[in-house]
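> below is the sequence, then the predicted model.
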Amino acid sequence: MNIVILTGAGISAESGLGTFRDVDGLWTKYDLEEVATPEGFARNPALVHEFYNARRKNCREAAPNAAHSALARLEQEYGGAVRIVTQNVDNLHERAGSRAVRHMHGELSRAICAACMHRWDAPEVMAPEDPCPACGVAATRPDVVWFGEFPYFMDEIYAELAGCDLFVSIGTSGNVYPAAGFVEAAAGAGAETLELNLEPSFNASAFMERRQGPAAKIVPEWVEQVIAGQ
Ligand code: OAD
C-alpha cells in the first residue's frame, strides 16, 4: 500500500511555529500581499527579506514534535511507500528523519537568484543587496513559492496521488490550491482519504474519514495503528 501525506502549518504548530489562518496566525499580523507575492517583493524587498529572516530564525530555534517524528518512523517501519508532500517551508520533517519529502512551497533554508535561477543554501540573514554567487546580480530571494507563482513538483505529486492507496492530510486548512484539491485527485484515483486536523478543515467533507485533535497526539496514534495493522 502506498501512502501520500500532505502536511501544512498545523503539524509544526506544537513546535512553536505559527500557522497562517488561526486567530493569532501569521496572516493576522502581516499583510499577505506585502510579504508573500512577487508584487510585494518588487515593492519592498527589504520588508519581505525581514519577514523570511524572522521565520528562518524561528525555524532554527524550533524542534520537530511528536507528529514529525511519528511520520519519520512510519517511513522507516511501514512496508509500502510513504511520501510526504509539505506546504511548509520549515525543515522539521527532515530534522525528524523523514527522507521522502517534497516542499511544494519551497524551503526557508534555500535561496534562489531571480535573474539566473541559481539556487544555494540561504544564509541566516538575507538582504536585497546580496549578490548571486553565480551571476553576481543582486536579485536574490528566498526559494519559497509566493501567491501567484507555480508550486514546485506538481507533475511528480499528481503522479504519486494517482498511484496512492491512502491519502492523509495533516494540519492544513484546505484553503490554498492546488494542495486543497489533492484529496479529490487521490479519491478520484481510488485512494482512501483521511484528515487529521485540530478542527474540520475547509474541505473536510471531501475526506472519507476525519480525526480531530492536536497533531502531536493524533498523528503518533494513527501511525501506531498503521504499523500495528500491516
Ligand atoms: P493554515 O494556517 O491555513 O491552516 C492551519 C491548519 O492547521 C488549520 O486548519 C488549523 O486548525 C490546524 N491546526 C492548528 N494547530 C494544529 C495542531 N496543533 N494540530 C493539528 N492541526 C492544527 O496553514 P496551511 O493550511 O498550511 O502558503 O496554509 C497553506 C498555505 O497558505 C501555506 O503553505 C502558505 C499559506 O499562505 C504560502 O505562503 C504560499
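Perfect, thanks for sending it.
> which other helices and strands does the longest helix along the chain contact?
As assigned by DSSP state H, the longest helix anywhere in the chain is helix 45-61. Counting contacts by 3 or more C-beta pairs under 8 Å, 6 or more residues apart in numbering; DSSP states H and E, helix 45-61 packs against helix 32-35, helix 38-43, strand 106-113, strand 140-144. To be clear about C-beta, it is placed using only N, CA and C from the backbone, and glycine gets the same treatment.
> just how off-centre is it within its chain?
16 Å (C-alpha atoms, centre = their mean, to the nearest Å).
> pLDDT on it, on average?
Averaging pLDDT along helix 45-61 gives 96.
> tilt between it and strand 106-113?
Interaxial angle, helix 45-61 versus strand 106-113 (axes from the mean of the first three to the mean of the last three C-alpha atoms, to 10 degrees): 140 degrees.
> for the ligand, tell me whether helix 45-61 is touching it.
No. Using C-beta under 6 Å from any ligand atom, we find that helix 45-61 stays clear of the ligand, coming within 10.2 Å at best.
> pull out the buried positions in that helix.
Judged by neighbour count using 16 or more other C-beta atoms under 10 Å, the buried positions of helix 45-61 are 45, 48-49, 51-53, 55-56, 58-59.
> name the nearest residue to residue 140, sequence neighbours excluded.
residue 130 (4.7 Å; C-beta to C-beta, 6 or more residues apart in numbering).
> list the contacts for that neighbour?
123, 138, 140 (C-beta atoms under 8 Å, 6 or more residues apart in numbering).
> what about the residue of the chain most remote from its centre, is that helix, strand or coil?
Residue farthest from the centre of the chain, counting by C-alpha atoms, centre = their mean, is residue 136 at 30.2 Å. Three-state call for residue 136 (DSSP: H, G, I helix; E, B strand; the rest coil): coil.
> for it, phi and psi?
phi 80, psi 0 (degrees, to the nearest 10).
> what's the distance between it and residue 115?
Separation of residue 136 from residue 115 (C-beta to C-beta, to the nearest Å): 9 Å.
> same question, residue 161
From residue 161 to residue 115 the distance is 34 Å (C-beta to C-beta).
> which of those two has more neighbours?
Taking neighbours as other C-beta atoms under 10 Å, residue 161 and residue 115 compare with residue 161 leading, 24 against 14.
> where does this structure have its least confident helix or strand?
None of the helices or strands of the chain scores lower by mean pLDDT, DSSP states H and E than helix 26-29, at a mean of 90.
> pull that helix out as CSV, backbone CA atoms only.
Only the C-alpha atoms of helix 26-29 are listed here, as CSV (Å, rounded to 0.1, in the frame of the first residue of the first chain):
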residue,chain,number,x,y,z
LEU,A,26,0.8,35.0,10.6
TRP,A,27,-1.8,36.4,8.2
THR,A,28,-3.4,38.3,11.0
LYS,A,29,-0.1,40.0,11.8
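> and that helix, which residues are buried?
Residues of helix 26-29 classed as buried by neighbour count (16+ other C-beta under 10 Å): residue 26.
> then stretch 77-85?
Result for stretch 77-85 [16+ other C-beta under 10 Å]: buried residues 78, 82-85.
> and if you look at stretch 21-40?
Across stretch 21-40, burial judged by 16+ other C-beta under 10 Å covers 21-22, 26, 30, 35-37, 40.
> what angle separates the longest helix of the chain from strand 140-144?
On the basis of the same axes, to 10 degrees, helix 45-61 is oriented at 50 degrees to strand 140-144.
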